[in-house]
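**Q** pasting the sequence and the predicted coordinates here, then a few questions.
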Amino acid sequence: MKPLMPLDIIKKKSEGHKITMLTAYEFGMAKLLDEAGIDIILVGDSLGNVFNGCDSTVPVTLSQMIYHTQAVVRGTTHALVVADMPFLSYQISIESAKRNAGLLLKKGGAHAVKLEINESQLDLVKAIYHMGIPVMGHIGFTPQSVYQLGGYKVQGKEKNSAEKLLALAKALEQAGCFSLVLELVPSELATHIAQALSIPVIGIGAGPGCDGQVLVSQDVLGMYRFDKPPKFVKSYAHLNTVMKTAILDFKKEVLAGLYPNAEHSY
């Protein structure tokens, strides 16, 4: 299969095909997702939570994003690789945003970047787009603003905020975004936004009316980071149990002197 490009993702929407997107932070996971035919692999700043055990994505640095993007790109031949721009990598100035987006492509090897955007940051999107860098927007609940938003809360429940989200989505399409991630919004609003745009809208906690869906791969595989997952998470396996069993079996055999045996010795 040939590598997917942003125009291929847009074409999927125009042809009525759903889009699949999952996260990866390292080579092995990226290779599994790529071989499974996932359309977009997101090197998310969620690595702060999933990989580093942070309480939010805010501590993630540009150098960390570049490092993890390099690893993911090495495991990918087909999927479009999108790298998150972490907190402080684009909010300071347009020039720093352009430079840091360029570094994610030049050094990290990403094919596109994703930005959490509000209505005051449209010029950032335009500037990066005019450099020739594909941009995916992220609206609704934006994790880098978790403290300002007062926690992990559904956005766009009121008429005024819903209208603002729709207007922002349309403005981002006009600014050059090839797709949007829509997080934690009511299903009806998400469907309305997806139908109003010609670019794909990929939902996470946004219901079935979006053009595609994204989840954290560890959540899909049942490698939980929390005792009670969010409502929108569906696990298709329960690898935590499998891995714990394997680790305990290894421990028992070592303590009992059963491993290594002759079969596993030189």
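**A** Arrived safely.

**Q** strands along the protein, start to end?
**A** Assigned by DSSP state E, the strands in the chain fall at 19-23, 40-43, 80-84, 112-116, 135-140, 179-183, 201-204, 212-215.

**Q** point out the most buried one among those strands.
**A** Mean neighbour count (mean count of other Cβ atoms under 10 Å) peaks for strand 40-43 among those, with a mean of 30. The C-beta positions use only the backbone N, C-alpha and C, and glycine is treated the same way.

**Q** who's in contact with that one?
**A** Residues from elsewhere that reach strand 40-43 (Cβ atoms under 8 Å, 6 or more residues apart in numbering): 4, 9, 19-25, 30, 33-34, 65, 68-69, 72, 76, 79-84, 108, 110, 114, 202, 212, 214.

**Q** just how off-centre is that strand within its chain?
**A** When C-alpha coordinates are averaged (Cα atoms, centre = their mean, to the nearest Å), strand 40-43 and its chain have centres 6 Å apart.

**Q** and for stretch 125-137?
**A** On the basis of Cα atoms, centre = their mean, stretch 125-137 sits 17 Å off its chain's mean C-alpha point.

**Q** who touches residue 125 in this structure?
**A** By Cβ under 8 Å, 6+ apart, the neighbours of residue 125 are 115, 117, 135, 137, 172, 175, 176, 177.

**Q** specify the beta-bridge partners of the residue lying closest to the second one once chain neighbours are set aside.
**A** What sits nearest to residue 117 in space, not counting adjacent residues and going by Cβ to Cβ, 6 or more residues apart in numbering, is residue 137, at 5.0 Å. The residues paired with residue 137 through beta bridges, assigned by DSSP bridges, are residue 115, residue 180.

**Q** I figured residue 137 hits residue 181, correct?
**A** Yes: because the distance of 7.1 Å satisfies Cβ atoms under 8 Å, residue 137 is recorded as touching residue 181.
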